[in-house]
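*Asks:* okay, predicted coordinates and the sequence, questions at the end:
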Amino acid sequence: MTADEKSRAALFLDLASDYLLDGYRRPRARVVFEDSAAPLSPAGTAALTGEGGPETRRKADGQVRTGPDAGTGENGDSRTPAPPDDNADTLEKVAEEVRRCDMCRLCETRTRGVPGEGAASPLALVVGEAPGADEDASGRPFVGKAGQLLDRMLASIGLSRQKNCFIANVVKCRPPGNRDPMPDEIVFCGRFLRRQIELLKPKAILCAGRISAQTMLRTSTGIGKLRGRFAPYRAEGDLDGFAPDNPDGAIPLLPTYHPSALLRDEGYKRPAWEDLKALRAKLAELDADYARETAGQ
Ligand code: URA
């Protein structure tokens with residue numbers, strides 16, 4: 001078994017036991033398997049484990065090292081050299097892994113995995129729920145009717161996936177019949193989204209709809225209460241229940257209604273527009289160029 005296969009098997013067993021016992025992922029020690037020739041990059045490692053806490057490294061030969069001296073070498077540990085650059089995580093690596101992912105049942109019914117698309121250093125990351133039929137067929141996020149509305153909404157505040165926005169989903173493969181994603185599917189896919197966020201480093205995150213907002217904020221509060229108010233998203237660990245004390249890592253996250261909801265019920269349009277204006281104001285605080293471009297809008 002390669003280190004990657006071992007990591008996947010270990011992750012699967014952890015998730016399966018958490019799901020059967022409680023339905024939610026518990027924090028665990030960080031576990032890293034290594035092939036002697038090809039150590040995992042820190043980014044890839046963090047993505048697979050997604051957790052803070054004491055770090056445990058399992059070598060391919062079964063050796064286990066635990067504790068502060070079990071790092072990758074960046075902190076001066078001469079026993080384990082820092083990995084070469086070509087091990088660095090990239091958006092394309094994430095996308096490739098999404099396309100060939102078979103970690104959950106959704107791979108059996110999807111046509112294409114939908115990693116997401118847009119600017120590599122975006123002002124805003126938009127996180128939707130999961131691909132629908134059009135996205136499943138094309139491999140691109142938000143390209144159906146809801147997606148076209150989303151594009152118009154973003155354009156109204158100077159954002160587009162071509163220029164300054166990245167669009168992704170919590171779950172990367174279409175749930176059959178557009179049912180809600182299941183908790184284990186969300187957990188499996190969470191590592192992809194987490195890696196994307198670490199790579200993209202968006203200035204703000206817009207969560208479209210209940211599933212996205214509840215997942216990112218780890219809450220069961222309804223979207224009617226969550227929408228319109230910024231909450232801090234901390235790049236590492238939130239999806240797994242960690243909320244590091246250091247607020248510096250926080251990205252402002254704004255939940256709003258899903259564009260499909262606006263298509264179903266016109267009444268959601270006004271509050272959604274209020275939310276977009278709040279996002280525009282926040283981005284203008286954070287980025288002088290955007291502030292200039294959108295001044296007077
Ligand atoms: N709805 C979503 O949440 N995401 C898509 O990509 C398309 C529709």
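*Replies:* The structure has been received and is ready for your questions. Note that the structure is a prediction, hence the values are computed from the model and not measured.
*Asks:* what about F230, neighbour count?
*Replies:* 16 (other CB atoms under 10 Å). Glycine gets a C-beta too; all of them are placed from N, C-alpha and C.
*Asks:* need the contact list for it.
*Replies:* By CB atoms under 8 Å, 6 or more residues apart in numbering, the contact list for F230 reads P252, L253, L254, A278, K282.
*Asks:* again, only using 10 Å
*Replies:* Neighbour list for F230: A204, I205, A250, I251, P252, L253, L254, P255, A278, L279, K282 [criterion: CB atoms under 10 Å, 6 or more residues apart in numbering].
*Asks:* need the nearest residue in space to P122, chain neighbours excluded.
*Replies:* Nearest non-adjacent residue to P122, counting by CB to CB, 6 or more residues apart in numbering: F166, 4.2 Å away.
*Asks:* ok so L206 is a strand residue?
*Replies:* Yes: counting by DSSP: H, G, I helix; E, B strand; the rest coil, L206 is found in a strand.
*Asks:* do you know the pLDDT at it?
*Replies:* We have a pLDDT of 98 for L206.
*Asks:* how close does it get to L286?
*Replies:* From L206 across to L286, the span is 13 Å (CB to CB, to the nearest Å).
*Asks:* give me the more crowded residue out of these two.
*Replies:* Comparing L206 with L286 by other CB under 10 Å, the one with more neighbours is L206, at 30 against 14.
*Asks:* low-confidence regions, this protein specifically.
*Replies:* 4, 15-84, 235-249 (pLDDT under 70).
*Asks:* remind me, longest strand of it?
*Replies:* Scanning the chain for the longest strand, with DSSP state E as the assignment, gives strand 250-256.
*Asks:* what about the helices in the stretch 151-297 of the chain?
*Replies:* Listed in chain order, the helices of the stretch 151-297 of the chain (DSSP state H, counting those that start in this stretch) span 183-200, 210-217, 223-226, 259-264, 269-286, 288-294.
*Asks:* out of these, the one nearest the ligand is which?
*Replies:* Minimum separation from the ligand across these (CB to the nearest ligand atom) falls at helix 259-264, 6.3 Å.
*Asks:* what residues does the stretch 101-250 of the chain have near the ligand?
*Replies:* G128, E129, A130, P131, G132, E135, P141, F142, A146, G147, N169 (CB under 6 Å from any ligand atom).
*Asks:* if we go to 8 Å?
*Replies:* 114, 128-132, 134-135, 141-144, 146-147, 167, 169-170, 208-209, 211-212 (CB under 8 Å from any ligand atom).
*Asks:* beta partners of the residue of the stretch 51-200 of the chain found nearest the ligand?
*Replies:* Taking CB to the nearest ligand atom as the measure, the stretch 51-200 of the chain has G128 as its residue closest to the ligand, at 2.9 Å. Taking DSSP bridges as the rule, G128 bridges to N169.
*Asks:* neighbours of it, how many?
*Replies:* That count, for G128 with other CB under 10 Å as the rule, works out to 28.
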